[in-house]
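Chemist: What shape does this take:
(2 chains)
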Amino acid sequence: MASLHSWAGILTGWILYFVFLTGTFGYVNAEIDRWMRPELPQMPVVSHQKMADVAESRLRAAGTDAAFWVISLPGGRSDTQLVASWRAQPASDGRAGKLTRETLDPQTGTVANYKVRETGGGTTLYVMHYAFHYIPKLLATWIVGICSMFMLTAILSGIVTHRKIFTNFFTFRPGKGQISWLDGHNLLSVTALPFHIMITWSGLVFFIFTYMPLPVAALYPEAPAQERALQEAYGQIREERQSPSDDRAKVTRIAPLVAQAERLWGVGAARAVRVDHPGRANATITIRARDPASIGNPEAALKFDGLTGKPLSMVQQPLTAPGMVSAALLDLHQGHFSSPLLRAMYVISGLMGTLMVATGLVHWTKKRTDRLGAPAGSGSLWVDAVNAGTIVGLPMAIALYFLANRLIAPEAIGREAWEVHAMFLGWAMAMVWAIVRRNGRNWIELSWATAFACILIPIVNAAATNRGLVASIIARDWVVAGFDVAAIATAAAFGLLALGMMRRSRAAKGVAR
Amino acid sequence: MKANLAAWAGWTILSRAAAGVIGGYVVVNLLTIAVTNLLRGAGLSGPQVLLSMSIASFPIYSAIILVVYHARDVSRAWLYLAACSVLTGLIALAFG
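Modeler: Below is the predicted model of the structure:
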């Protein structure tokens, strides 16, 4: 049983380390987005009613007789700006009309022109977690799927291996070589075991019919029957889109309706207002709340008659039982519903998972080295080098991604792609260094390099922008300040790691002499 | 002699892994179809059973891999897989 667990682990360990680390960053993707767009001002301190009013004025002026208006209200983690969008009526040949999006000044409603640097932000880092980069999405989906199945099997076999799971959990024997790594690996795995089971299983459910297409194809071979079957499986029906009425009419004021919604949900809870067929007799206004109330539930919404502002009933189709299980699993994986404290726990769990994979990789390599010995040039040294290049090199690469965001000129063309190139070029260099220095102190040198890259982040931030750590603290911008603090903490962690490894190698040399 | 032993051990592991991964995938898919057909005949919504079985198929697949990999010997593992495939296949066809 133990050998299946080892083989399943090492083959996919390097890939899973990447998936776990980028996935952990994914839980703070909105915060990273904000740090990587320093030109965007902080969240406005204006009431939602006022913002709805100014946005409505702009929309009445610019979006007359549009197919729909949308007012996106700032709040929550990702929406920091007031945005008004509208789509023109469809053309005579049926093609959809042009969609216009404008960021507005929240006080005056005039079109704001923040020249924001083009960047993939935290979202690109998060997407890499399941789609990798440079390779077709489907290929990445399959690779991640295979690794996730290996991990699910490794988890199951890991549990079955540990008949004495309680005793093992409380065993920690430091300084005893590969056994210590095993104890650390067990500790990290078991402590967050429910999280690991959930994250692996729900990760697979994201692409459920990509990984398991055969039953659907066998039972519902024709495309229309297949689409109906999937709708019946989840319980979602598509809402019928009404065509615009011929009679013109004036839309009622939106701000009072926003006030009504926020009296019900709480101040600042409204996320977006959508007006369908503004300027026509069958206009409707739908207001959506910011976050889902709980796992598996859609966000709350209110619908009003566009002319009178009278509330209309909304048909909420309930999900089927398996539909709810699927939605719950996906919500648990992504954690959109989580409060700041719970999100912090997600990040900690993700880091524990990352460390779990790392300790598993190191333990595997050390165990083989102990058993087979490691003369220079043997395969074990190469595996150990790739371990170093991955475990220490990938964090350095991500630090380079953030550094590139500050160092590449804001107006440079193609800078978004080059931020990512910087990350992967950095990773490649770390890997080459680790392999070239496999007979030496590659782990120690890479740890210092990563610590150095991380400590540069707040320094470069302060030098290249006006959103440095001190400025952010003064402006009470905790998101941007927190990012710099996290970079400093990471630098300290890798510095301590390097010092610890140096001390241990000096001690080992002392003993050998 | 030692080299032969190592090679044979390598092939055994590969065979077990193939049995678990490939054979297991076949069995879990046939199981999904069989159970869907069975319960659809009993009056439940086919698509909902299909979705439920598909969600469950991942841990079931893991369990099959575990059981197959730890069969007492490799030929026994392949035999059990073949038997399960035929059985679930027949159920799937009978109720389809």
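Chemist: Might you enumerate the residues of chain B proximal to chain A?
Modeler: B:13, B:17, B:28-29, B:32-33, B:36-37, B:45-48, B:50-55, B:57-59, B:61-63, B:65-66, B:69-70, B:96 (C-beta under 8 Å from any C-beta of the partner chain). In this view, the C-beta of every residue, glycine as well, is placed from N, C-alpha and C.
Chemist: quick one: average confidence on stretch B:38-49?
Modeler: What stretch B:38-49 shows for mean pLDDT is 92.
Chemist: okay, now residue A:462: neighbour count?
Modeler: Applying other C-beta atoms under 10 Å in any protein chain shown, we find 17 residues neighbouring residue A:462.
Chemist: ok, now residue B:49?
Modeler: Residue B:49 has 20 nearby residues by other C-beta under 10 Å.
Chemist: Which of the helices or strands spans it?
Modeler: According to DSSP states H and E, residue B:49 maps onto helix B:46-69.
Chemist: now residue A:273
Modeler: Applying DSSP H and E, one finds residue A:273 within strand A:270-276.
Chemist: Low-confidence ranges, the stretch 151-300 of chain A, go.
Modeler: Applying pLDDT under 70 to the stretch 151-300 of chain A picks out residues A:166, A:237-240, A:293, A:296-298.
Chemist: for the closest residue to chain B within chain A, what are its contacts?
Modeler: Closest to chain B within chain A is residue A:233: 3.7 Å, counting by C-beta to the nearest C-beta. Residues near residue A:233 by C-beta atoms under 8 Å, 6 or more residues apart in numbering or on different chains: A:320, A:322-323, B:45, B:47-48, B:50-51.
Chemist: can you pull out the helices in chain B?
Modeler: Counting by DSSP state H, chain B has helices at residues B:2-18, B:24-41, B:46-69, B:74-95.
Chemist: Tabulate those in CSV, adding columns for distance to residue A:119.
Modeler: Formatted as CSV, those follow (distance: least, C-beta to C-beta, whole Å):
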stretch, distance to residue A:119
helix B:2-18, 43
helix B:24-41, 41
helix B:46-69, 36
helix B:74-95, 50
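Chemist: ok, of the contacts of residue A:233, which one's closest to residue A:304?
Modeler: Among the contacts of residue A:233, residue A:323 lies closest to residue A:304 (C-beta to C-beta), at 28.2 Å.
Chemist: Does the closest one touch residue A:235 like I think?
Modeler: Yes: taking C-beta atoms under 8 Å as the definition, residue A:323 is a contact partner of residue A:235 at 4.6 Å.
Chemist: for the closest residue in space to residue A:469 that isn't next to it in sequence, what are its contacts?
Modeler: Spatial nearest neighbour of residue A:469, excluding adjacent residues (C-beta to C-beta, 6 or more residues apart in numbering or on different chains): residue A:484 at 4.3 Å. By C-beta under 8 Å, 6+ apart, residue A:484 lies in contact with A:457-458, A:461, A:468-469, A:472.
Chemist: let's see 7 Å
Modeler: Residues in contact with residue A:484 (C-beta atoms under 7 Å, 6 or more residues apart in numbering or on different chains) are A:457-458, A:461, A:469.
Chemist: Restricted to helices, list these.
Modeler: Among the contacts of residue A:484, the residues falling in helices (DSSP H) are A:457-458, A:461, A:469.
Chemist: Identify, from those, the entry nearest to residue A:70.
Modeler: residue A:461 (33.5 Å).
Chemist: Quick check, pLDDT for the closest one.
Modeler: Residue A:461 is assigned a predicted lDDT (pLDDT) of 96.
Chemist: Go ahead and confirm it touches residue A:468.
Modeler: Yes: under the criterion of C-beta atoms under 7 Å, residue A:461 makes contact with residue A:468 at 5.5 Å.
Chemist: In this structure residue A:151 contacts residue A:201, no?
Modeler: No: between residue A:151 and residue A:201 there is no contact under C-beta under 7 Å: 9.9 Å.
Chemist: Give the residue from the two that has the larger number of neighbours.
Modeler: Under the neighbour definition other C-beta under 10 Å, residue A:151 and residue A:201 were set side by side, and residue A:151 has more, 30 against 21.
Chemist: Next, the contact list for the more buried one, please.
Modeler: Residue A:151 touches A:12, A:16, A:200, counting by C-beta under 7 Å, 6+ apart.
Chemist: now residue A:419, nearest residue through space, not along the chain?
Modeler: residue A:404 is the one closest to residue A:419 (C-beta to C-beta, 6+ apart), at 4.4 Å.
Chemist: Rounded mean pLDDT for whichever strand or helix holds residue A:496, please.
Modeler: Per DSSP H and E, residue A:496 falls inside helix A:478-512. For helix A:478-512, mean pLDDT rounds to 91.
Chemist: Can you give me the buried ones in it?
Modeler: Neighbour counts over helix A:478-512 (16 or more other C-beta atoms under 10 Å in any protein chain shown) mark A:479-481, A:483-484, A:486-487, A:490-491, A:494-495, A:497-498 as buried.
Chemist: Same check on stretch B:37-47?
Modeler: Neighbour-count burial for stretch B:37-47 [16+ other C-beta under 10 Å]: B:37-40, B:45-47.
Chemist: what do you get for stretch B:69-76?
Modeler: B:69, B:71, B:74.
Chemist: one step back: and the gap between the residue of chain A closest to chain B and residue A:59?
Modeler: Shown here: residue A:233 relative to residue A:59, a distance of 39 Å by C-beta to C-beta, to the nearest Å.
Chemist: before we move on, the earlier item: show me which of residue A:323 and residue A:235 is the more surrounded one.
Modeler: The neighbour count for residue A:323 versus residue A:235, taken as other C-beta under 10 Å, is higher for residue A:323 (22 against 19).
Chemist: Was I right to think the more buried one contacts residue A:230?
Modeler: No: applying C-beta under 7 Å as the test, residue A:323 and residue A:230 come out as separate, 10.1 Å apart.
Chemist: Residue B:89: what's its closest spatial neighbour, skipping adjacent residues?
Modeler: In this structure, residue B:89 finds its nearest non-sequential neighbour in residue B:30, 5.3 Å apart by C-beta to C-beta, 6+ apart.
Chemist: Model confidence for the one you found, exactly?
Modeler: Per-residue pLDDT puts residue B:30 at 95.
Chemist: My understanding was that it contacts residue B:90; is that so?
Modeler: No: with contact defined as C-beta under 7 Å, residue B:30 does not reach residue B:90; the gap is 9.5 Å.
Chemist: Who has more neighbours out of the two?
Modeler: Under the neighbour definition other C-beta under 10 Å, residue B:30 and residue B:90 were set side by side, and residue B:30 has more, 22 against 12.
Chemist: State the distance from the more buried one to residue A:255.
Modeler: Distance from residue B:30 to residue A:255, by C-beta to C-beta: 59 Å.
Chemist: Check residue B:38 too.
Modeler: For residue B:38 relative to residue A:255 (C-beta to C-beta), the value is 57 Å.
Chemist: where does chain B have low pLDDT?
Modeler: The low-confidence ranges in chain B, as defined by pLDDT under 70, are B:1-7.
Chemist: got the residues of chain A near chain B?
Modeler: A:1, A:4, A:149, A:152-153, A:156-157, A:160, A:201, A:204-205, A:208, A:212, A:214-216, A:218-219, A:229-230, A:232-234, A:320-322, A:325-326 (C-beta under 7 Å from any C-beta of the partner chain).
Chemist: Kindly recompute the last result at 8 Å.
Modeler: So chain A meets chain B at A:1, A:3-4, A:7, A:149, A:152-153, A:155-157, A:160, A:201, A:204-205, A:208-209, A:211-212, A:214-216, A:218-220, A:229-230, A:232-234, A:320-323, A:325-326, A:329 (C-beta under 8 Å from any C-beta).
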